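In: no FASTA, just this:
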């Protein structure tokens, strides 16, 4: 009963494409045994567009697979151990990567760089060799740097397709809607805000002026709201008191973006959401990757939308974002080089 209720909730939240006309897809989760990977695997198991779920981790994935395989939805699940990565990747059309270490109190996303960069690079190399046409969704932080790492690793292998590599920034969008809804007293479904830039601190730029409820927020309330959207992850890290970071909300956001991509891959029109991708929007400033509204389709990225009109406050936020974002991207490039 609970699995069916959760499935209905996920469908309502994401407008899941009708399975009667949808092409179901094999999805692989790399890092399925972790704090994000486990609830993410659960949510993907109840997504009607997932026909087969391949769960991989250096430890714990077979147990997670056995657990979620008992859920009464029509998708197969299999877990893979550390020496079975190639098997886990074979035939996967969508590969979600939450692998890595979580943030702890006092850590920034950049503090995670050395460990997570190596993990993501090695996984990307395997994807490029085994499943070069797959769509890669990166959750592992710092996304501003791990996406350039994936891109450069695939470039070295001669298989980089910028339409099929995504940084999952959906949690910023989810937080913006929730937090604006709290401030304005509105249902979060009516307070959806485009969040552009990157996925770390000041690189996160919520465009509150592009939502009717956000336009009326100003002064101290505006500054506090923007800060909370940019640094909302710190709330969770502090509240968990050293026991982890945002895992459940990130898993929800990851499943929500995966579902959006699956709908696009199935041919549903008008699937538009922010995601961190190879972009020309600010390439003239040395920023090769940028999150903005992207239309998802059968080829992955179908169209990258401009960020639209900005308020004076948002212009300042964007001005502060770009230099930091460039540094993060360059750090990822340097790691691979």
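Out: Perfect, I can see it now. Because the structure is predicted, anything quoted here is derived from the model rather than measured.
In: Any idea which residue is closest to the centre of the protein?
Out: Closest to where the C-alpha atoms of the chain average out (Cα atoms, centre = their mean) is residue 168, at 1.7 Å.
In: what separates that residue from residue 81, distance-wise?
Out: Taking Cβ to Cβ, to the nearest Å as the measure, residue 168 falls 25 Å from residue 81. C-betas here are computed from N, CA, C, even on glycine.
In: Residue 279 too?
Out: From residue 279 across to residue 81, the span is 37 Å (Cβ to Cβ).
In: quick one, which of those two is more surrounded?
Out: Using other Cβ atoms under 10 Å, the more surrounded residue of residue 279 and residue 81 is residue 279, with 18 against 15.
In: Quick one: low-confidence residue ranges for the stretch 51-200 of the chain.
Out: Applying pLDDT under 70 to the stretch 51-200 of the chain flags the ranges 103-110.
In: where exactly do the strands run in the stretch 101-250 of the chain?
Out: Along the stretch 101-250 of the chain, counting by DSSP state E, counting those that start in this stretch, strands occupy 135-138, 165-167, 195-197, 204-206.
In: Contacts for the second one, please.
Out: Okay, so that is strand 165-167. With Cβ atoms under 8 Å, 6 or more residues apart in numbering as the test, strand 165-167 has contacts from 135-138, 143-144, 146-147, 150-151, 154, 199, 257, 261, 275-278, 289, 291, 300-301.
In: what do you get if the cut-off is 6 Å, keeping everything else the same?
Out: Here strand 165-167 makes contact (Cβ atoms under 6 Å, 6 or more residues apart in numbering) with 136, 137, 138, 143, 147, 150, 151, 275, 276, 277.
In: gap between the residue of the chain most remote from its centre and residue 225?
Out: Most distant residue from the mean C-alpha position of the chain: residue 219, 30.6 Å away (Cα atoms, centre = their mean). As judged by Cβ to Cβ, residue 219 and residue 225 stand 10 Å apart.
In: helix/strand/coil for residue 70?
Out: On the three-state scheme (DSSP: H, G, I helix; E, B strand; the rest coil), residue 70 is labelled coil.
In: Any idea how many residues pack against it?
Out: 9.
In: now do residue 303
Out: There are 10 residues near residue 303, going by other Cβ under 10 Å.
In: and the helix or strand hosting it, what's its mean pLDDT?
Out: Element membership of residue 303, judged by DSSP states H and E, is strand 300-304. On average, the pLDDT along strand 300-304 is 98.
In: buried ones in the very next helix or strand once past that strand?
Out: As assigned by DSSP H and E, the chain's next helix or strand after strand 300-304 is helix 312-336. Buried residues in helix 312-336, counted by 16 or more other Cβ atoms under 10 Å: 314, 317-318, 321-322, 324-326, 328-329, 331-332, 335-336.
In: Output the contacting helices and strands for helix 312-336.
Out: Packing partners of helix 312-336 (3 or more Cβ pairs under 6 Å, 6 or more residues apart in numbering; DSSP states H and E): helix 143-157, strand 204-206.
In: Could you point out which of the ones you listed sits nearest residue 179?
Out: Closest of those to residue 179 is strand 204-206, at 8.9 Å (criterion: Cβ to Cβ).
In: got the contact list for the closest one?
Out: By Cβ under 6 Å, 6+ apart, the residues outside strand 204-206 that reach it are 172, 176, 193, 195, 196, 197, 229, 230, 317, 318, 321.
In: what's the strand holding residue 303 packed up against?
Out: Strand 300-304 sits against strand 289-297, with contacts defined as 3+ Cβ pairs under 6 Å, 6+ apart.
In: Name the residues of the strand it packs on that come out as buried.
Out: 289, 290, 291, 292, 293, 294, 296, 297.
In: Show me what it is packed up against.
Out: Applying 3+ Cβ pairs under 6 Å, 6+ apart, one finds that strand 289-297 contacts strand 195-197, helix 248-265, strand 271-278, strand 300-304.
In: where does residue 33 land in three-state SS?
Out: coil.
In: Find me the pLDDT at it, would you?
Out: For residue 33, the model assigns a pLDDT of 97.
In: And for the residue lying closest to it once chain neighbours are set aside, the neighbour number?
Out: Leaving aside its sequence neighbours, residue 33 sits nearest to residue 60 (Cβ to Cβ, 6 or more residues apart in numbering; 2.9 Å). The number of residues packed near residue 60 is 17, by other Cβ under 10 Å.
In: Correct me if wrong: residue 60 contacts residue 31.
Out: No: the criterion here is Cβ atoms under 6 Å, and residue 60 misses it with residue 31 at 9.9 Å.
In: Pull out the buried positions in stretch 299-307.
Out: Within stretch 299-307, the residues that count as buried by 16+ other Cβ under 10 Å are 300, 301, 304, 307.
In: quick one: contacts for the last one?
Out: What that stands for is residue 307. By Cβ under 6 Å, 6+ apart, the neighbours of residue 307 are 196, 292.
In: any idea how far residue 211 is from it?
Out: 14 Å.
In: Show me how this protein divides into domains.
Out: Here the domain parsing of the chain from automatic domain parsing is 2-167, 170-336.
In: In CSV: the contacts of strand 204-206, plus distance to residue 116.
Out: Formatted as CSV, these follow (distance: Cβ to Cβ, whole Å):
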residue, distance to residue 116
172, 18
176, 24
193, 27
195, 22
196, 23
197, 20
229, 23
230, 20
317, 26
318, 26
321, 22
